[in-house]
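In: Return atomic coordinates for the entry below.
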Amino acid sequence: MISAKHIAIVGAGASGLFLAKKLSERRGFQVTLFEKNRQVGAKLRASGGGKANIFNRDIWPQHYNQPEFVAELLKRYPPEALGDQFADWGLVTITDMEERVYPATQFSQTVVDLLTEYSSGNVHLETGCDVQRVWNERGKWRINDLPARYDALVLSTGSPAGMIPKNQRGYNAYLQDLSLKINPLQPSLSGFVLKDYPQSLSGCRTKAIVSLYQGKKLVYKESGEITFKDDGLSGIVIMNLSAYYRRLSTPKDCRLEINLTYWDETFDVKTYLRRNHSVTGLLHPKLAALYNRHPFPIQKLAFDIADTYPMDAAQVAHGGIDLSEVDQDFASRKHPNLFILGEMLDVDGVCGGFNLFFAFASAALAARRIGRQLG
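Out: The predicted structure follows:
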């Protein structure tokens with residue numbers, strides 16, 4: 001009789017849960033899923049404003065900081081494959097006008113519950129377990145001081161994005177045992193702290209066309225709702241711009257230009273002002289009050305960028321384990337039977353389900369490889 005292969009998955013986030021679900025469908029595997037928190041899927045439950053924007057049907061490599069790597073991934077696991085997988089598991093989904101996919105329940109806990117329903121008893125969940133050390137001993141993987149030995153180890157503990165500073169310290173410290181190349185972590189999908197910012201705008205929400213410039217070069221622009229905070233800007237548009245800001249080799253001399261006539265980029269402001277002698281009917285009341293005190297270019301309201309908001313205000317992290325450390329199946333090139341998934345890698349996308357898609361897709365491809373290699 002062939003003995004079962006034992007798989008350890010460290011981290012019960014989106015990619016870890018998805019992989020455990022996939023492996024639960026195969027005979028010959030015993031899976032132990034380790035999670036530091038008492039609950040699994042914390043970021044997954046928070047995604048999409050609690051509705052779980054699980055992926056996007058219109059994914060392009062340019063949505064990510066590593067377009068070449070993602071282009072190869074999409075050839076092997078396109079969004080349609082993920083949609084079919086969730087449908088096979090019984091998840092009813094809806095797709096909005098921007099191709100964002102949500103569970104029909106509009107409740108993220110539905111996805112977490114689905115991913116933790118197993119067709120067999122071969123998945124064991126260990127919550128409240130803080131992994132501090134991993135190592136390979138004579139071809140088997142060991143964790144902390146546990147006596148168990150595992151045939152494969154999967155790392156899916158994400159990044160410190162969204163964590164309070166106290167919890168960021170020492171996060172993923174066990175990676176030091178593996179001698180992997182790790183690129184510096186920086187906040188992405190975060191708001192911007194701005195220089196010479198008028199605090200009177202705090203609390204103002206409006207739609208606008210926002211452009212990110214470095215010097216005279218346009219880096220990226222997008223239209224949507226923005227929120228003025230005490231010291232800067234936030235909102236989905238701003239978070240997407242922050243992703244492109246992080247991709248700059250040296251993010252210096254950068255500014256935002258805001259066109260407040262979002263409905264018509266070429267709206268004739270001069271003619272409007274000659275006719276009306278007031279901006280009351282044109283701008284949000286707080287912006288109108290600021291204009292009355294200090295007139296500004298309505299279609300080019302510019303602010304210099306000081307920085308993004310810190311890691312605890314970010315949705316994802318830019319940086320992480322370098323892609324040279326893994327192959328296209330997310331298997332380690334350095335350590336046998338080691339796999340690294342999702343946000344632990346130096347891959348980040350814009351808002352709209354792109355980061356969750358990468359997490360799920362990396363787990364799906366790793367599951368295939370584990371099945372071939374150890375099944």
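In: In stretch 313-329, which residues are buried?
Out: Neighbour counts over stretch 313-329 (16 or more other C-beta atoms under 10 Å) mark 314-321, 323, 325-326, 329 as buried. C-beta coordinates here come from the backbone N, C-alpha and C atoms, glycine included.
In: For the stretch 1-150 of the chain, give me the ranges with low pLDDT.
Out: Counting by pLDDT under 70, the low-confidence segments of the stretch 1-150 of the chain come to 1-2.
In: residue ranges of the helices in it, please?
Out: With DSSP state H, counting those that start in this stretch as the criterion, the stretch 1-150 of the chain has helices at 14-24, 42-46, 67-76, 79-88, 108-115.
In: mind checking which of these is nearest residue 299?
Out: The stretch from the helices of the stretch 1-150 of the chain with the least distance to residue 299 (C-beta to C-beta) is helix 67-76; that distance is 31.3 Å.
In: Contacts made by that closest one with the rest, please.
Out: For helix 67-76, the surrounding residues in contact (C-beta atoms under 8 Å, 6 or more residues apart in numbering) are 59, 61, 63-64, 323, 328, 347, 349, 358, 361-362, 365.
In: go on, stretch 191-198?
Out: Contacts with stretch 191-198, where a contact means C-beta under 8 Å, 6+ apart, come from 229, 231-235, 238-239, 241-242, 245, 256, 290, 294, 303-309, 313.
In: For it, give the mean pLDDT please.
Out: For stretch 191-198, the mean per-residue pLDDT is 96.
In: End to end on it, go ahead and measure it.
Out: End-to-end distance for stretch 191-198, by C-alpha to C-alpha, to the nearest Å: 16 Å.
In: Same check on stretch 199-206?
Out: Across its full length, stretch 199-206 reaches 16 Å end to end, with C-alpha to C-alpha as the criterion.
In: got the helices of the stretch 1-150 of the chain as CSV, with distance to residue 195 and mean neighbour count columns?
Out: CSV is the format used below for the helices of the stretch 1-150 of the chain (distance: least, C-beta to C-beta, whole Å; neighbours: other C-beta atoms under 10 Å):
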stretch, distance to residue 195, mean neighbour count
helix 14-24, 36, 27
helix 42-46, 31, 18
helix 67-76, 31, 15
helix 79-88, 39, 15
helix 108-115, 37, 19
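In: wait, which of those is closest to residue 155?
Out: Put simply, out of those the one that sits nearest residue 155 is helix 14-24, at 8.9 Å, with distance taken as C-beta to C-beta.
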